[in-house]
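S.K.: no sequence for this one, just the structure:
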């Protein structure tokens with residue numbers, strides 16, 4: 001069951017992210033999904049560097065990405081991310097990329113949207129498993145209980 005709270009991170013499409021057709025190259029949306037995950041965790045008071053220094057890694061084991069409409073150079077987009085599933089060994093994120101005008105997005109109320117603003121361009125998500133430095137499954141509740149509690153409160 002996904003959390004009702006989305007974390008929104010604005011981004012302006014840069015020229016280098018577009019292809020010869022003038023639209024965002026499809027692989028960039030996957031990078032934007034990662035930016036959303038990283039910034040969601042950072043907004044909660046952690047960063048991946050600190051988590052990795054504690055001996056935990058969070059590789060992607062599954063990826064879903066559905067393209068509806070393209071983003072284009074200089075568009076303002078929102079990377080929308082929320083936790084969709086959570087356990088001591090797994091973590092899944094739901095993601096959307098949405099085109100917005102600056103008037104539709106107000107950073108002061110970034111996480112207070114019930115319905116996401118703008119036009120949906122891409123939707124999908126990623127699934128992850130917690131592993132240790134030897135790439136063996138790890139239980140977050142035992143390895144980093146304070147992060148487990150924080151993510152549990154977000155899910």
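M.R.: Alright, I've got the coordinates. Everything numeric here is computed off the predicted structure, so don't read it as measured data.

S.K.: so which strand or helix has the residue sitting furthest away from the middle of the chain?
M.R.: No residue in the chain sits farther from the centre than residue 20, which is 26.9 Å out by C-alpha atoms, centre = their mean. Residue 20 is part of no helix or strand, with elements assigned from DSSP states H and E.

S.K.: Return the residues in contact with it.
M.R.: Applying C-beta atoms under 8 Å, 6 or more residues apart in numbering to residue 20 gives no contacts. The way it works is simple: take the backbone N, C-alpha and C, and place the C-beta from them, glycine included.

S.K.: measure the closest residue to residue 90 other than its chain neighbours to residue 54 for me?
M.R.: The shortest distance from residue 90 to any non-neighbouring residue, by C-beta to C-beta, 6 or more residues apart in numbering, is to residue 129 (5.6 Å). The spacing between residue 129 and residue 54, counted by C-beta to C-beta, to the nearest Å, is 16 Å.

S.K.: Ok, residue 15 next?
M.R.: 38 Å.

S.K.: Among the two, which residue is more densely surrounded?
M.R.: residue 54 (12 against 8; other C-beta atoms under 10 Å).

S.K.: Pull the number of nearby residues for the nearest residue to that one once chain neighbours are set aside.
M.R.: Sequence neighbours aside, residue 144 is the residue nearest to residue 54 in space, at 5.5 Å (criterion: C-beta to C-beta, 6+ apart). Residue 144 has 20 neighbours, counted by other C-beta under 10 Å.
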